[in-house]
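Enquirer: Take this sequence and fold it.
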Amino acid sequence: MMSTPVDSPTPSHGLPHDTCIVLVLLPVYNGARFLAQQIESVLNQTGVQVFLMCRDDGSTDASADVLRAHQQRWPDHVHLIEDAMGNLGASGNFSRLMHAALAFEVPAPWANRPCYVALSDQDDLWHSDKLATAVAEIRRLEQAHPGQPALVHSDLRVIAEDGREIAPSMARYQGLQTQRSGFAAQLLSNTLTGCTSLMNRALLVKGLPVPPEAIMHDWWLSLVASSLGCRTYLDIPLIDYRQHASNAIGAKAQDQPVVFKSIIHRLFDDRHGDIFRLNARQAAAFLERFRPELTARQRFTLWMASHLDLPVPPLQRLLYRVLRRL
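Expert: Sure, this is the predicted structure:
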């Protein structure tokens, strides 16, 4: 379902007493073109009470004006973080917001209700049942795994700037193997698209701070949930992901297999060397942070992954294949 502009966020009256609170974190950088539409799709969520926390990362367009206009229109629901920290980049801006989320106090009359945190990009469109669907799943997870960090994420529909559909499923468009949700698989490839994620406070408490060795903030949180908590993937698109030239990462169709000229070219192919080195750096940082809380198998898996930066491509790929089987 598509979101439509709203005159006011979901009111508190008429909602069941056990309605969940969702704090949506929205980092902004030069996103004025689509920002108002995204804010409205967030505030138009059904079945939950939404609060929106935003931080502009030093935009040079009208993004800050768009945020202030919405904050003035809905002062009880839209909160702006204004600081002197300057441009932190996408991951740093998200981290700043996640730290602020831990200190956020739900105002009356919504206090003492279950509260979750969702991550948002600045240029998508959320389906109106996006949060309610994810909340229902994360509450099921928490009942099965009380007290543990919990994470829920979903598929997305890929659209062009004008709203035209590019692909009904980002996971299938990119060839993501979302069924490979184990810890070893997540060390090698991040199948979590951060803007679809919903997490409980326990995950933020456990995962923060995100270290500089993390490849991305959402990848780090995915590893925490995979190893020390629980996670679920919903194989349904709950967001329209807008693909355009300014995307920080973007949705890309899966690559075609490379045809090698000779066995020598194949042996010393280093196309994946950079990501292997980043994988190794992230794994080493994760092992150092959480070693006492991990199982022996998890520690061994991290130790292996931390050696993906071996300087010989054939050894890198051999280690990668071994990890894929764990």
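Enquirer: Now do the residue positioned nearest the centre of the chain against W220, distance only.
Expert: In the chain, the centroid-proximal residue (C-alpha atoms, centre = their mean) is G194; its distance is 1.4 Å. Distance of G194 to W220, given as C-beta to C-beta, to the nearest Å: 10 Å. The way it works is simple: take the backbone N, C-alpha and C, and place the C-beta from them, glycine included.
Enquirer: With S120 instead?
Expert: S120 sits 18 Å away from W220 when distances are taken as C-beta to C-beta.
Enquirer: ok, those two, which is more surrounded?
Expert: Shown here are S120 and W220; by other C-beta atoms under 10 Å, S120 has more neighbours (27 against 24).
Enquirer: Would you check that that one makes contact with I39?
Expert: No. Using C-beta atoms under 8 Å, S120 makes no contact with I39, being 9.0 Å away.
Enquirer: can you list residues touching both of those two?
Expert: Shared contacts of S120 and I39 (C-beta atoms under 8 Å, 6 or more residues apart in numbering): L26.
Enquirer: can you point me to the longest strand in the protein?
Expert: strand 230-242 (DSSP state E).
Enquirer: so how far is that strand from its chain's centroid?
Expert: 10 Å (C-alpha atoms, centre = their mean, to the nearest Å).
Enquirer: Return the list of strands paired to that strand, each annotated with direction.
Expert: strand 125-126 (antiparallel), strand 150-159 (parallel) (DSSP bridges).
Enquirer: Give the buried residues for the longest one.
Expert: Within strand 150-159, the residues that qualify as buried are 150-159, counting by 16 or more other C-beta atoms under 10 Å.
Enquirer: Run through the stretch 101-250 of the chain and note the low-pLDDT ranges.
Expert: 244-250 (pLDDT under 70).
Enquirer: Could I get the full set of strands for it?
Expert: Per DSSP state E, counting those that start in this stretch, the stretch 101-250 of the chain carries strands over the ranges 115-119, 125-126, 150-159, 165-167, 198-199, 230-242.
Enquirer: So which residues of this structure form helices?
Expert: Assigned helices in the chain, in chain order: 32-43, 63-73, 89-103, 130-144, 170-174, 183-188, 201-207, 217-228, 263-267, 273-290, 296-305, 313-324 (criterion: DSSP state H).
Enquirer: what's the most buried one of the ones you listed?
Expert: helix 217-228 (a mean of 24; mean count of other C-beta atoms under 10 Å).
Enquirer: any residues touching that one, and which ones?
Expert: 91, 94-95, 98, 119, 148-151, 181-183, 186-187, 190-194, 197, 199, 203, 206-207, 210-211, 214, 231, 282, 286, 290, 293-294, 298.
Enquirer: hmm, 7 Å instead?
Expert: 91, 94-95, 119, 149-151, 182-183, 186-187, 190, 192, 194, 197, 199, 203, 206-207, 210, 214, 231, 286, 290, 293-294, 298 (C-beta atoms under 7 Å, 6 or more residues apart in numbering).
Enquirer: Restrict it to CA atoms and write it as CSV.
Expert: Only the C-alpha atoms of helix 217-228 are listed here, as CSV (Å, rounded to 0.1, in the frame of the first residue of the first chain):
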residue,chain,number,x,y,z
HIS,A,217,26.1,0.7,10.5
ASP,A,218,23.4,-1.7,9.4
TRP,A,219,25.8,-4.5,8.6
TRP,A,220,27.2,-4.2,12.1
LEU,A,221,23.8,-4.3,13.7
SER,A,222,22.9,-7.3,11.5
LEU,A,223,26.0,-9.1,12.9
VAL,A,224,25.0,-8.3,16.5
ALA,A,225,21.5,-9.7,16.0
SER,A,226,22.8,-12.8,14.1
SER,A,227,25.3,-13.7,16.8
LEU,A,228,23.9,-12.4,20.1
